[in-house]
Structures are given as structure tokens and as C-alpha cells.
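Trainee: build the 3D model from these lines:
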Amino acid sequence: MTDDIDKQILSILQKDANIPLTELSKKVGVSITPCWNRIKKMEKEGIILSRITVINNKKVNLPLIAFLSISIPNHTKEWLTKFTKIINKYDQIIETHRVAGSSDYILKILSPSMDEYDKFQQILINETGCINMQTNFSQKEIKKQNYVSLEHIS
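Mentor: Have a look, this model is predicted:
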């Protein structure tokens, strides 16, 4: 269960995970130790999963963002176990979602170029045994938000 102070802490940490604890505690109106204890409690409860640094993919030569939709022939536990190992093996796959609709999974993939993406997709075709793949490429990132709304938290 979280209260308004926890919500404030979460809101601030989502926007700046490196904020000094002294500054954070002042902003939310509690002393340092209770503020730290609240953070640790939310980490233990799985509300805070990690504190990360967000990298500009273009500045590290990964300008191509591809969304690869895949369909699979059968939904077995064995296939999913193999698939999970495959996607976790490749750092260029930065997100994977099981979806409802025209495909079964969507992978968000970063690549330095179209040629490199094509090579990587061929690897995935060989390793996953998918029956259908379709790629959409991002032409321009319009919104990228690294924080979630806390209005529904109770």
C-alpha cells in the first residue's frame, strides 16, 4: 500500500533516479532515513524494479528502431522457453511483448543500419521457427516516455 509521500517519491525518482537523497527527502517533506526506508520498501515490494540511465540510441550508433511482429505455429511451453532464451541472448532486442491481434509477439529492436537489421532478422528466422514475420520501422520518434502515470496507484 502506498500513500501520497510514496507517490511523490516515485514521481521524482522516475524523472531523476540520481537525485541526492537529501534533496529528495526535502522535496517530499520527510527526513532522510524514513525516505530511504520508503524507497527500500518499494524496491522489496517490486514497485521499484530498478533505477537506470536512459541512453540516446542515436548517439551510440543505434538509430534504426524496428518493430518486428512474429507469428508462431503452435503455442507450446517448450517453444516459449526456447524463444525466451533466444530473445534474452540478444541485447539489440530491447522489448518483447506477447500481443493479441494479427501477430503473437512484437519485438522492439535497435540496429545501426538496415543491413545489420536484415542480418539479425535472418538469425531470428533461423533460431525461432516463426511462420510469419513483419517489420515496421520508426521514421521518427514522436514521444518516448520513461515514466508511468501514478494516478491509479492505491
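Trainee: tell me the mean pLDDT for stretch 74-94?
Mentor: Average pLDDT, stretch 74-94: 93.
Trainee: buried stuff in that stretch?
Mentor: Neighbour counts over stretch 74-94 (16 or more other Cβ atoms under 10 Å) mark 83, 86-87, 92-93 as buried. The C-beta positions use only the backbone N, C-alpha and C, and glycine is treated the same way.
Trainee: out of these, which sit inside helices?
Mentor: 83, 86-87 (DSSP state H).
Trainee: other SSEs contacting the helix or strand containing residue 13?
Mentor: Following DSSP states H and E, one finds residue 13 within helix 4-15. Using 3 or more Cβ pairs under 8 Å, 6 or more residues apart in numbering; DSSP states H and E as the contact test, the elements touching helix 4-15 are helix 21-28, helix 32-44.
Trainee: if I look at the residue nearest to residue 54 when sequence neighbours are not counted, how far off is residue 45?
Mentor: Distances taken as Cβ to Cβ, 6 or more residues apart in numbering place residue 146 nearest to residue 54, at 5.4 Å, with adjacent residues excluded. For residue 146, the distance to residue 45 equals 21 Å [Cβ to Cβ, to the nearest Å].
Trainee: do residue 126 as well
Mentor: The value you get for residue 126 to residue 45, if Cβ to Cβ is used, is 41 Å.
Trainee: how about residue 135?
Mentor: 38 Å.
Trainee: hmm, who's touching stretch 27-47?
Mentor: Contact with stretch 27-47 is made by 2, 5-6, 8-10, 12-13, 21-22, 24-25, 48, as judged by Cβ atoms under 8 Å, 6 or more residues apart in numbering.
Trainee: ok, so of the residues you listed, who is nearest residue 109?
Mentor: residue 48 (26.9 Å; Cβ to Cβ).
Trainee: just the pLDDT for the residue nearest to that closest one when sequence neighbours are not counted.
Mentor: Leaving aside its sequence neighbours, residue 48 sits nearest to residue 42 (Cβ to Cβ, 6+ apart; 4.6 Å). Looking at residue 42, its pLDDT reads 96.
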